[in-house]
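Chemist: Quick one, fold the following:
(2 chains)
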Amino acid sequence: MRSEYQFREIEKTWQAFWEANKTFQAQVNPAKPKYYVLDMFPYPSGAGLHVGHPLGYIASDIMARYKRLQGHEVLHPMGFDSFGLPAEQYAIQTGQHPAITTEQNITRYIEQLKNMGFSFDWSREVRTSDASYYKWTQWIFMQLFNSWYNQETDKAESIETLKAILGTKGSIGLKAVCDEEVSRITAEQWNAMSADDQYAYLLSFRLAYLDDSVVNWCPKLGTVLANDEVKDGVSERGGYPVEQKKMRQWSMRITAYADRLLRGLDEVDWADSLKEQQRNWIGKSIGTDVEFAIENVSDKKIKVFTTRVDTIYGVSFMVLAPEHEWVSALTTPAQKEAVEEYVNWAKTRSELDRVSEVKTVSGVFTGTYVINPVNQERVPLFLADYVLAGYGTGAVMGVPSGDQRDWNFAKHFDLPIPSILDGQKDIEKQADPTKEGKYINSGMINGMGYKDATNTLIAWLEENGIGKGKVQYRMRNAVFSRQRYWGEPVPVYFKPTASGDLLPYLIEETELPLELPKIDKYLPTETGEPPLGRAASDWKYKGQYDYEWSTMPGWAGSSWYWYRYMDAMNSGEFASKEAINYWKAVDLYIGGSEHATGHLLYSRFWNKFLKDLGYVPEEEFAKKLINQGMIQGRSNFVYRLKDSAKVTFVSHGLKDQYDVAALHVDVNIVENDVLDLEAFKKSRNDVPSDAEFILEDGKYVCGWEVEKMSKSKFNVVNPDDLIAKYGADTLRVYEMFLGPLEQFKPWNTNSISGSHNFLRKVWRLFFDDNTNTSKLVDAPATPEELKVLHTAIRKVQDDLDRFSFNTVVSTLMICVNDLGALKCHKKSVLRELVILLSPYAPHIAEELWVALGEQEGGISYATFPVFNAAFLEENDFNYPISFNGKVKLTLAFPVTATPAEIEAAVLANDQVSKHLEGKTPSKVIVVPKRIVNIVLGK
RNA sequence: GCUUGGGUGGUGGAACUGGUAGACACGCGGGACUUAAAAUCCCGUGAGCCGUAACGCUCGUGUGGGUUCGAUUCCCAUCCCAAGUACCA
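Modeler: Numbering: from 1, shown residues only, chains lettered A, B, ... in the order given. Okay, here's the model as predicted:
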């Protein structure tokens, strides 16, 4: 009986050992440097994990284990973002409480995760849907409600400091982030207000506040949807109609933090592309609001926002969005018909049409003129659908000489293209947006440069009350209410004022958590109220006041969870000061880039807020972020004859000779694109047992394509199946070996045997397969063996330090191949190799560690091998000798040789002179320890 | 249209700051062992060409230019693929 690498027993044994011995429990340990490595926690869906999920978890686990070997105290937790719509949808269909489905799904996830041998500290597991967790989500909401943003101090402060300011100075000069329409009052006015009126006034300043928002309302789902949950006017989930509806919603003043969110990006080690995405999302533009008077209209002025106020003398037209509310009022009778026709046409165009058709110019003249405030020039007012009502003021000033879009518009409607800068070139052919040069034809700014001109104009506009400098952000405040059941209740109740208005009040902190009430079904009420409106009549604050019926959005619970992991059991605080001050922030955060503008922005916002209030020490919560690339599916196809009495399939290489239809085939019965015919016949009802197959070389070869991984394409690969067949260690090695972590790549199980063979080769360095005996010996290592080992040590360390997980695997493969060739079975060498391997393949490493006579279970806290350059020292370097950049031969020279010595030796060499063919080199370049290049004249 | 990312053998990929392109692995072909198979081991494997041969030659990192002694790497232009998207004035 052979004793091969028995991965099943080994993996079960060590997983049980780690659990029993609490091997990976982290603690506050000031004696060691800390390292916090975090995965974006998953939503526990009913489908379980597929091979794409563990990719990031494997990488983070490797870093966690690597940092332990380097002597760090490592916090590596896992939990579940367990509130969400799928569980609620399922509850609606089945009547089963979402908590039950959620619990089942989590149980399955944990089982799958434990099978992979991750070194999570499970004692810190969090679930956002647990009351003990969402108690603190509610608590943070209360802090937000009780805070305002003081622009003087540039941070959030308690609402009490605002009250004090209002009582002494009023709000006239107050620099605060607040509702736009808030009226400015004096201290006297404030002090004269009733308590209720004061309370109502403060609502306009709180960071969590109520506001009327236009939302995507889906009556059928009874909930509000995000823009990207709506496709073609219907809900993505279910395909129900969606309408625009104004609703009173809780919102968060994230815009208060816009500038700090931008600045913070400079201090974190995140991918530049991701930072750029966030910058664009926040969308800061510095510009000017300018008001244009309207000819023959005295009660209205058109406000435009421009980032190039310096070009205002170049305005030759003005454009309103077709949806602008003043369109009909500003249209002359003569133009009425044309305008109406245009507006109706514009309504039929999707935003995508308007975005992508840049080359076709469309628009219509309203018949009205506006007056340019700087030179009193009459300028025609147009409508055009390249202006969007939703952004800025819905009006644009047209400067054809400086903006290509405006230029196209002016050409099309035969409008003037005034030149305004002497630096502009060829503006009869195209626009030139340059800021270089001096202004011409530009009244008060003639002869100035860009900066002076801009400052002069803004000063003049402000002085005359026509405009003012303005910073505009694209990012809007975040709507925080959801008309759903399966989310955190908002810890608020409503109490009527003397006049009967309802005002929101926080519940007492001692009453947290405000738990989700039981309800009969998980749908909105018959009157369209959120599901919580169905709660029993005694679900009221102090038995008399209605609670808020909407719940919090999915991102609430995930916006602070990394702190809960620091001290997950704490019932008195979200985490203790001691824990927060030790773990501070996440050192390495791994997750998908789809969260770039959602989770990663909200989390940064809440973190900054918690810092302002002094609860946490760091401005940014994740120092280093890696986005793992999505694993795409690799579908396999069979080709069925179209006109055939018998069901017949043609192999891929022969399909072009027949008329065939391609059908997806389950990738799990295909190996290296060769179909398992028996399994195929059994797997499908539409394949009779006498189906025929036209084979090539005796095999049925399938075609393949890269597609999204989905059930309908039969390309989902379950990690459990691979673990059963090859083991978790093999899967871990293989997923890392697939390619760079960040890269998008198709899943392909084809070459997993290579990773498995690698581990078996490692095993055979220790054991004889046939005799089941140890091959290990105590003899001292040879210089050659040490060179092989230390080459690997250096490369593994270098590559892990730059998160190049895939190249570490090849390094280990080379090392094992080389040691195998050297027949090296020496304990001192293999001991170090096992440590290098352990972050990738921890189970086999534990087993081999014991075989080496080391302490059972001790490899997790072993010491990472110390690289010694002395073992790699070489006397000679093999110089590639190239001629005009093309390498022809190599020659060895001592590493101590000087370039001059090398040049002389090279030129004296026989082989070199053969290649010279009698010519004299015009130049010889010697780069020490790299290359020699001989330059020959042409 | 715009933004971001990406195009290297039959396949996944390697080449760290410009210095022997194709490491490592899969697949494929050949061989050894075996009654046979599996497993294992050995050899070959970018394309094309010449030669009896050790070997040699030409081309080659989407395409076209450029910089350089030397370019997968830097610059310009261009094509294709993927993801995102809000004409942000």
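Chemist: what's the burial count for the spatially closest residue to residue A:622 that is not a sequence neighbour?
Modeler: Spatial nearest neighbour of residue A:622, chain neighbours left out: residue A:589 (4.0 Å); criterion: CB to CB, 6 or more residues apart in numbering. Every residue, glycine included, has its C-beta placed from N, CA and C. When neighbours are defined as other CB atoms under 10 Å, residue A:589 has 25 of them.
Chemist: Quick one: distance of the host helix or strand of residue A:589 to the chain centre.
Modeler: For residue A:589, the host element (DSSP states H and E) is strand A:588-592. Relative to the centre of its chain, strand A:588-592 is centred 8 Å away, using CA atoms, centre = their mean, to the nearest Å.
Chemist: near RNA strand B at all, that strand?
Modeler: No - using CB under 7 Å from any atom of the strand, strand A:588-592 stays clear of RNA strand B, with a minimum separation of 10.2 Å.
Chemist: what sits up against that strand?
Modeler: With contact meaning CB atoms under 8 Å, 6 or more residues apart in numbering, strand A:588-592 is reached by A:35-40, A:56-57, A:59-60, A:63, A:622-628, A:630.
Chemist: How about the secondary structure of the residue of the stretch 51-200 of chain A found nearest RNA strand B?
Modeler: The minimum distance from the stretch 51-200 of chain A to RNA strand B, using CB to the nearest atom of the strand, falls at residue A:55 (12.3 Å). Look at residue A:55: counting by DSSP: H, G, I helix; E, B strand; the rest coil, its state is helix.
Chemist: Against residue A:840, how distant is it?
Modeler: Distance from residue A:55 to residue A:840, counting by CB to CB, to the nearest Å: 14 Å.
Chemist: can you count the residues close to residue A:831?
Modeler: 19.
Chemist: Go ahead and confirm it touches residue A:852.
Modeler: Yes - the criterion here is CB atoms under 8 Å, and residue A:831 meets it with residue A:852 at 5.4 Å.
Chemist: Could I have the CA atoms of the next helix or strand after the strand holding residue A:589 written out in PDB?
Modeler: Scanning forward in sequence from strand A:588-592 by DSSP H and E, the next helix or strand is helix A:599-612. Extracted in PDB, the C-alpha atoms of helix A:599-612 (Å, rounded to 0.1, in the frame of the first residue of the first chain):
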ATOM      1  CA  HIS A 599     -19.100  51.200   0.200                       C
ATOM      2  CA  LEU A 600     -15.600  52.700   0.000                       C
ATOM      3  CA  LEU A 601     -16.900  56.300   0.000                       C
ATOM      4  CA  TYR A 602     -19.600  55.800   2.700                       C
ATOM      5  CA  SER A 603     -17.100  54.000   4.900                       C
ATOM      6  CA  ARG A 604     -14.600  56.800   4.600                       C
ATOM      7  CA  PHE A 605     -17.400  59.300   5.400                       C
ATOM      8  CA  TRP A 606     -18.500  57.500   8.600                       C
ATOM      9  CA  ASN A 607     -14.900  57.000   9.600                       C
ATOM     10  CA  LYS A 608     -14.100  60.700   9.300                       C
ATOM     11  CA  PHE A 609     -17.300  61.500  11.200                       C
ATOM     12  CA  LEU A 610     -16.300  59.200  14.100                       C
ATOM     13  CA  LYS A 611     -12.900  60.800  14.100                       C
ATOM     14  CA  ASP A 612     -14.300  64.300  14.400                       C
END
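Chemist: Show me the contact partners of the next helix or strand after helix A:599-612.
Modeler: Using DSSP H and E, the helix or strand that follows helix A:599-612 in sequence is strand A:625-628. Strand A:625-628 is contacted from outside by A:55-56, A:59, A:268-271, A:274, A:588-593, A:596, A:600, A:741-742, A:803, using CB under 8 Å, 6+ apart.
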